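In: When you get a sec, could you give me coordinates for this:
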Amino acid sequence: MILELSDVETFYGASQVLFGVNLQIAPGEVVTLMGRNGMGKTTTVRSIMGLTPPRSGLIRFDGTNISARPSHRIARLGIGLVPEGRQIFPNLTVRENLIATATNNAGTGNPWTQNRVIDLFPRLGERLSHYGRTLSGGEQQMLAIGRALMTNPKLMILDEATEGLAPLVRDEIWSCLEHNLKKAGQAILVIDKHPEAMARIADRHYVMEKGLIAWTGTSNELLADTDMQHRLLGV
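Out: Numbering: from 1, shown residues only. Below is the predicted model of the structure:
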């Protein structure tokens, strides 16, 4: 497994948020983590990235225990995060955002470069000299994904990558995940709340409720379980 969470429990002070979370992602696999707002999805991401370390349990990435490692060392191991809210550098240009974190620690044979990112998102090529703060929401999200790809990650995590975007832009990003990154063998964890779209993109799915993994299954099982969608996703 490229990523494995075993019995992870995470707290904010005295308040427990995650309760024995178990989750696995194989190399080249696309997996979703879904659930209503406030159910623990972003806390799971923060636990993986070392931003809110778990109090108990084990998080293993590519064979290494990362449960107690600082976030910058976890990132250097090969996890590229597209954070909720994009968090691009507003006072840097598109070009500067892309090259700011560019690296290829894993020695990938066909690494992500600025040109490859522009091929993926041509609109960024038209905005290379524009500052991040001047981009539309969709363009900022494309830039956030491109910036994560420029780290040439073994695993990419997208936390609510399509939240608040226009439907056409959202579909463009989903298409990129499905037809470009997945076909290239990129392992991805997608945090989202659109089961029909996620069923097209991902191999397996986890659904959270109140800090617990309440359901897991394949895309066919996800689409077939309309009762679960109604109870846990509000669909």
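In: okay, now the closest residue to residue 53 other than its chain neighbours: neighbour count?
Out: The shortest distance from residue 53 to any non-neighbouring residue, by C-beta to C-beta, 6 or more residues apart in numbering, is to residue 68 (6.2 Å). No exception for glycine: its C-beta is placed from N, CA and C like everyone else's. Residues lying near residue 68 (other C-beta atoms under 10 Å) number 9.
In: Then residue 64?
Out: Using other C-beta under 10 Å, residue 64 has 13 other residues around it.
In: cool, and residue 216?
Out: That count, for residue 216 with other C-beta under 10 Å as the rule, works out to 16.
In: Next: residue 225.
Out: For residue 225, using other C-beta under 10 Å, the count is 16.
In: residues of the helix or strand hosting residue 227 that come out buried?
Out: Per DSSP states H and E, residue 227 falls inside helix 226-228. Under the neighbour-count criterion of 16 or more other C-beta atoms under 10 Å, helix 226-228 has residue 228 buried.
In: ditto for stretch 69-79
Out: In stretch 69-79, counting by 16+ other C-beta under 10 Å, buried: 69, 71, 74-75, 77-79.
In: Quick check: mean pLDDT of it?
Out: Mean pLDDT, stretch 69-79: 91.
In: what packs against the lowest-mean-pLDDT helix or strand in the chain?
Out: Counting by mean pLDDT, DSSP states H and E, the chain has its least confident helix or strand at helix 167-176, which shows a mean of 86. In terms of contacts (3 or more C-beta pairs under 8 Å, 6 or more residues apart in numbering; DSSP states H and E), helix 167-176 is packed against helix 137-149, helix 195-201.
In: what is the orientation angle of the next helix or strand along the chain from the longest one with helix 167-176?
Out: Under the assignment DSSP H and E, the closest C-terminal helix or strand after helix 137-149 is strand 155-159. Relative orientation of strand 155-159 and helix 167-176, computed by axes from the mean of the first three to the mean of the last three C-alpha atoms, to 10 degrees: 160 degrees.
In: For strand 155-159, give me every contacting residue.
Out: Residues from elsewhere that reach strand 155-159, judged by C-beta atoms under 8 Å, 6 or more residues apart in numbering: 2-3, 25, 41-42, 45, 48-49, 61, 78-84, 145, 148-149, 177, 181, 186-192.
In: For that strand, what does the pLDDT average out to?
Out: In the prediction, strand 155-159 has an average pLDDT of 93.
In: which residues of the protein score low on pLDDT?
Out: In the predicted model of the chain, residues 106-107, 235 satisfy pLDDT under 70.
In: please redo it, this time with the cut-off set to 80
Out: 85-86, 104-110, 161-162, 164, 235 (pLDDT under 80).
In: burial of residue 179, as a residue count?
Out: Residue 179: 11 surrounding residues under other C-beta under 10 Å.
In: brain fart, residue 54
Out: The burial count for residue 54: 23, using other C-beta under 10 Å.
In: surely it meets residue 8?
Out: Yes - here residue 54 reaches residue 8: they are 4.7 Å apart, a contact under C-beta atoms under 8 Å.
In: Give me the common contacts of these two.
Out: Common neighbours of residue 54 and residue 8, counting by C-beta under 8 Å, 6+ apart, are 18, 47.
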